[in-house]
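# Give me a 3D structure for the following:
(chains A, B and C)
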Amino acid sequence: MTKHTYSYYPGCSGQGTSMEYERSTRAVCEAVGINLDEIPDWSCCGSTPAHTVDHTLSAALSGRNLGLAAKQGHDCVLTPCPSCLTNLKTAGKHMAESETFKEKVNRLLDEPLETIPDTKSVLQVLFEDLGPDALAKKVARPLKGLKVVTYYGCILTRPPGLMDFDSEENPISMDKLMQAAGAEVLQFPLKTECCGASHGVARRDLVMRLSGKLLDMADSLGADAVVTACPLCQMNLDLRQGQVNSANNASYRLPIFYYTQLLGWALGLPDASLGLDKLCVDPRPALQSISANKEVA
Amino acid sequence: MRIGVFICHCGSNIEGTVDTAEVSRIARDYPEVAFATDTMYACSEPGQDGIIEAIGEHKLDGVVVASCTPRMHEATFRNTLERAGLNPYMFEMANIREHVSWIGKDREANTNKAADLVRMAVEKLRRNQPLIAKEFDINRRVLVIGGGVAGIQAALDCADAGLEVVMVERESTIGGKMAKLDKTFPTVDCSSCILGPRMVEIAQHPNITLYACSEVDGVSGYVGNFSVKIKKKARYVDWDKCTGCGECVEKCPSRKAPNTFDEKIGPGRAINIPFPQAIPKKATINAEYCIKLTKGKCGTCEKICPSNAIDFQQQDEIITEEVGAVVAATGYDLFDWTVYEEYGGGRYPDVITSLQYERLLSASGPTGGHVKRPSDGKEPKNVVFIQCVGSRDKSVGRPYCSGFCCMYTAKQAILTKDHIPDSTSYVFYMDIRAPGKLYDEFTRRAMEEYGAQYIRGRVAMVYPDGKGNMIVRGADTLMGRQVEVQADLVVLAVGVESAKNSPQLAEKLRISYDSYGFFMEGHPKLKPCETNTAGVYLAGACQGPKDIPASVAQGSAAASKVIGLFSKEKLKSDPQTANVDIKRCIGCGKCVLTCPFGAIKEVDFRGQPKAEVIETVCQGCGICSSTCPQGAIQLRHFTDNQILAEVEAICRF
Amino acid sequence: MPVLNGRELRIVGFLCNWCSYGGADTAGVARFDQPTDLRVIRVPCSGRIDPLFIAKAFMNGADGVLVSGCHPRDCHYAEGNYYARRRLEVFKQFISVLGIEPERFEYTWVSASEGQRWQEVVTKFTNQVHTLGPLAPIPEVALSQLAQTTGTDIREEA
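Sure thing, here's the model as predicted:
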């Protein structure tokens, strides 16, 4: 693979609740030769609140970041966060398709956006540029014996016309990468179900039910861990796992990894660069089982 | 020449956006126009009488009618001319409806354009010559392609009328989709009980020759005289010797072959007889799975066959049949539903198609008519039916309604209750489409008497609950809420698509097909079983989704068209054929090479080679005219001069 | 009758009877609105079209010429549209020699069922010709050059 440099948009949650995702993303990309050039002075994409209130405002927030990225001179912006990706893609697509909308957005920007760079998830680039075969060759510590389910969440591949990556109903990119890293990937029928997202604040009962269903399915399939690609999914399943347990009278102890953490681990990267200590449900038993399997083998 | 011009109002269809009186006024000034008028309906009886009257009164010897498309009424008005004693080919049409009044509302521009089109027709007519059709013999045999219920009906009707019929069937048995059905709606008749005797008739009818396991390889010729190449596919069994005893099937050790008749849910064999009532009831070897043919070992069937019918050396064979007409009745295929990832995309064994379910219900099916779900053989108690899978869904490129899925789903819900009295059926639907005799009453019975739970809404997701059952989640749009149903078995009402390779067959028959691969009828209302190629007719779902009664009706209709065609002593050829000007012809032979029909031969004229057109063979395409370097061969009524006169009529004035 | 001044240009269509003429009929039956500039000449097959018809149309003052036949493989006469495709493609390469913008000539395939497609084809082509405006008369030198290279002088015929 030739070394490719991308503009990089870490997203706000990467600075806080999901700093382990952000950190492990950078570590994995560096290890496999994907250069991430952080957008200077990037700002929040507005997340869900902005586009709920005003589409133009939401597009302007993303438009500012796209404009800064365009100045960096790379042809594509990467972000690990599906929510940020949705906002960046929506803004770019709507501005490209409608001159009037583009004008409205540009009126809010200090510097009008002319060329709109392409945007992709880090997952897409790892899957398409690097690919499972090349990844498998770089694996130093195969995740042998680790049974995982892959949980993509509801917006990483949807709506299909916008995200333009993988299947919107049955995505497989993360499955392939995890298999390349040596893990056993179980058929998870709820790959693209909603976890309840930010309703955790206002309607906790909803998240208890939806996330509870996901954990229940993962548990009944016999998974050792859940692999995610979205900060909010990860938070609902991990941070709120205790709440789910008490609400549903259950006792799950499923570690919820970011896929980059497990890839990093398989690549033999140091724990500190993967932020494994930031996970609420202790991942050590699961990871130790891999080591144990290795010794048996 | 004295030309009469008639501008049709077509009620308000033309008059609404074209000033027909103004057009006729303008036309009066065109060269050689002796008379011009507007008329309410040119094609009606008073309209035609008016034309005949005017011909007599004004001594007209040519007529232009400006009305609808010539593809609709050219023949009508030619007859009118003939009745008035004129040569029917001294006629031209200007299409001012489909090409003018219906495609824009600007009256001024439309009137102007209509006048232009009339001028073109007049200029062309001025250069027309009276033509006389030649007569030629008909080969009174008919080819029926496809042995489903539509083809069977067409073949039997033709054969009973005394015609010789050649039937070609791709599969190793006739019967089509209907033979796979357990029961039929809305009577819950046993499908094989009503179809079986018809299939036997095909086999026994002295006028019918059946080629099963065969395909049409090529078609040449024209109406009355087609020559058809039929590929008899290698079946590795000598059917003259095979008695259909089935011993080979029982002993065949290759058990991984798909059982296509049972829609791949039953056990298959490399050598197979599709079902007990198959016509012909002969064994066929699937070469892909036969151990002898793939690995050179085995040969069990050869050893045990009591009539020595196995022939591993058999090859495809091409035979030629001469016929005068063709009925295409190639049916349909089921939509490949695995594109629906939300229904599992084929990953879950207990999500099956409606036709697979039909095989589970059938007493001759793989489970002997006991409904057992594929995963564990358990009898399902909750059966969920999902309608419109591959119908009315733009996202999968199938925006059309398949027409009969609502009905067969209701039937299957009723049969489910009959088979498993303590079961409940749930039907997710968009709308119930049941227009047909006793159809709506039938769906009502499914709901009211058989307790089928109809839920109006689409299904968002089907997934296994991890405990052996499926969960079906969808919207209930009447209640405005989400519903989840636990299902033991999910049956998808899979929609209709055109049969595999339909476009390829259409190309061989030189008929048109639509963007979904369905064959195009001659006219959507008035020529539902004709095509635009003379002598080629359509029956059944190859033209568009159709249920059994409609397919049978169209089969009979196609047969009556063939019988009508063959009832004539001789056929008349279209005299608008190519014609050689022997003085200009230099005998280069280019036209002979390019003619797709072999209608031009080289003749010796006083020691010089010249081209000569065989008029009854010429189909009037005019390829020769644009090939000839001398302009010596001209297609009558589409001569260079006539086309250029039309060009000038638009551009010069 | 002259084209409506300032509103219409002269556009000539050559359509095969079986597919494209039928497609135009289908568009009409479905009431798909189209620009009024186009005048259709019906020919049995696109293989009947001599490129000189098109040259002649331009010479006589057409501002655009549109040819449409059956989709390749789907010709009513089995292979007529293959002959058409070869001739028309060569003609398209050649048209600028006459001093005519190649965008004034288009050939395409529309089947009898494709009413919507016909509407799109006509609308797009008409707009394309309107963008170029009326065609300036073809220079005499181009015509004599054409006569020399093809051996046919379209100024004399018809």
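# which element is the residue in chain C positioned nearest to chain A on?
Nearest to chain A, among the residues of chain C, is C:Asn127, at 18.5 Å (Cβ to the nearest Cβ). C-betas here are computed from N, CA, C, even on glycine. Take DSSP states H and E as the rule and C:Asn127 turns out to sit in helix C:115-132.
# Just the pLDDT for the residue in the stretch 501-650 of chain B positioned nearest to chain C.
Ranked by Cβ to the nearest Cβ, the top residue of the stretch 501-650 of chain B for proximity to chain C is B:Gly622, at 3.3 Å. On the pLDDT scale, B:Gly622 is placed at 96.
# Can you report how many residues neighbour the nearest residue in space to the residue of chain C closest to chain A that is not next to it in sequence?
Spatial nearest neighbour of C:Asn127, excluding adjacent residues (Cβ to Cβ, 6 or more residues apart in numbering or on different chains): C:Pro35 at 7.7 Å. Counted by other Cβ atoms under 10 Å in any protein chain shown, the residues lying close to C:Pro35 total 21.
# ok, so what distance separates C:Pro35 from C:Tyr21?
18 Å (Cβ to Cβ, to the nearest Å).
# and the stretch 551-653 of chain B, which of its residues are near chain C?
B:576, B:594, B:596-597, B:619-623, B:625-627, B:635, B:638, B:640-641, B:643-648, B:650-653 (Cβ under 8 Å from any Cβ of the partner chain).
# Could I have the PyMOL command that selects the buried members from these?
Here is the PyMOL command that picks out the buried ones among those, judged by 16 or more other Cβ atoms under 10 Å in any protein chain shown:
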select buried, chain B and resi 576+594+596+597+619+620+621+622+623+625+626+627+635+638+640+643+644+645+646+647+648+650+651
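# Narrow the residues of the stretch 551-653 of chain B next to chain C to those in strands?
Of those, the ones assigned to strands by DSSP state E are B:Leu635.
# Could I get the contacting residues of residue 19?
Because you didn't say which chain, this covers chain A. A:Met19 makes contacts with A:Gly275, A:Lys278, as judged by Cβ atoms under 8 Å, 6 or more residues apart in numbering or on different chains.
# Chain C is the one I meant
So C:Cys19 contacts B:Ser512, C:Ser68, C:Gly69, C:Cys70, C:His71, C:Asp74, C:His76, C:Trp109, C:Val110, C:Ser111, C:Ala112 (Cβ under 8 Å, 6+ apart).
# Next, count neighbours for B:Ala434.
Neighbour tally, B:Ala434, other Cβ under 10 Å: 18.
# quick one: it from B:Gln153, how far?
Distance from B:Ala434 to B:Gln153, by Cβ to Cβ: 24 Å.
# list the buried ones in the helix or strand hosting A:Ala70?
Per DSSP H and E: A:Ala70 is located in helix A:55-72. For helix A:55-72, burial by neighbour count (16+ other Cβ under 10 Å) applies to A:55-56, A:58-70, A:72.
# swap in stretch B:57-74?
B:60-74.
# ok, now stretch B:397-414?
Within stretch B:397-414, the residues scored as buried using 16+ other Cβ under 10 Å are B:398, B:400-414.
# So which of the contacts of C:Cys19 sit within strands?
Using DSSP E, the contacts of C:Cys19 in strands are C:Ser68, C:Gly69, C:Trp109.
# count of residues packed around residue 191?
Picked chain A for this. 24.
# other chain: chain B
Other residues lying near B:Ser191 total 21 when counted by other Cβ under 10 Å.
# Quick one: list the elements packing against the helix or strand that the helix holding A:Ala70 is followed by.
Moving toward the C-terminus from helix A:55-72, the next helix or strand (DSSP H and E) is strand A:76-79. If contacts are counted by 3 or more Cβ pairs under 8 Å, 6 or more residues apart in numbering or on different chains; DSSP states H and E, strand A:76-79 sits against strand A:4-8, helix A:55-72, helix A:82-97, strand A:118-121, helix A:122-125.
# Now rank the ones in strands among the contacts of C:Cys19 by neighbours and give me the top one.
C:Gly69 leads the ones in strands among the contacts of C:Cys19 on contacts (other Cβ under 10 Å) with 33 neighbours.
# That one reaches C:Cys75, doesn't it?
Yes - the pair formed by C:Gly69 and C:Cys75 meets the contact definition of Cβ atoms under 8 Å, at 7.3 Å.
# where along chain A do the strands fall?
A:4-8, A:34-38, A:76-79, A:118-121, A:147-151, A:184-185, A:225-228, A:256-258.
# what would the ones you listed look like in JSON lines with mean pLDDT and mean neighbour count?
Output for the strands of chain A, formatted as JSON lines (pLDDT from 0 to 100; neighbours: other Cβ atoms under 10 Å in any protein chain shown):
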{"stretch": "strand A:4-8", "mean pLDDT": "94", "mean neighbour count": "21"}
{"stretch": "strand A:34-38", "mean pLDDT": "96", "mean neighbour count": "16"}
{"stretch": "strand A:76-79", "mean pLDDT": "96", "mean neighbour count": "25"}
{"stretch": "strand A:118-121", "mean pLDDT": "96", "mean neighbour count": "22"}
{"stretch": "strand A:147-151", "mean pLDDT": "97", "mean neighbour count": "25"}
{"stretch": "strand A:184-185", "mean pLDDT": "97", "mean neighbour count": "18"}
{"stretch": "strand A:225-228", "mean pLDDT": "98", "mean neighbour count": "28"}
{"stretch": "strand A:256-258", "mean pLDDT": "97", "mean neighbour count": "28"}
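# Of all the ones you listed, which one comes closest to A:Arg204?
Judged by Cβ to Cβ, the one of those that comes nearest to A:Arg204 is strand A:256-258, at 17.9 Å.
# tell me what the closest one is packed against?
helix A:19-32, strand A:225-228, helix A:231-238.
# centre of the chain versus the longest one, how much separation?
For helix A:19-32, the distance from its own C-alpha centre to the chain's C-alpha centre is 11 Å (Cα atoms, centre = their mean, to the nearest Å).
# For the stretch 201-350 of chain B, which segments count as helices?
Counting by DSSP state H, counting those that start in this stretch, one finds helices in the stretch 201-350 of chain B at the ranges B:247-251, B:291-295, B:300-304.
# Any idea which of the ones you listed gets closest to chain C?
helix B:291-295 (33.2 Å).
# Quick one: mean pLDDT over the closest one.
In this model, helix B:291-295 has a mean pLDDT of 95.
# Now A:Met235. Nearest residue, chain neighbours left out?
Leaving out its chain neighbours, the residue that sits closest to A:Met235 by Cβ to Cβ, 6+ apart is A:Thr17, at 5.9 Å.
# quick check: domain ranges of chain B?
B:3-125, B:141-233+B:316-331+B:499-566, B:333-497, B:578-636 (automatic domain parsing).
# Close to chain C: what parts of the stretch 1-150 of chain B are there?
Proximity of the stretch 1-150 of chain B to chain C (Cβ under 8 Å from any Cβ) is limited to residues B:26, B:69-71, B:95, B:97-100, B:102-106, B:108-110, B:112-113, B:115-117, B:119-120.
# Spit out the contact partners of B:Cys190.
Taking Cβ under 8 Å, 6+ apart, one finds B:Asp182, B:Lys183, B:Thr184 in contact with B:Cys190.
# And C:Leu15, by the same measure?
Going by Cβ under 8 Å, 6+ apart, C:Leu15 touches C:Tyr21, C:Ala24, C:Val40, C:Ile41, C:Arg42, C:Val43, C:Val67, C:Ser68, C:Gly69.
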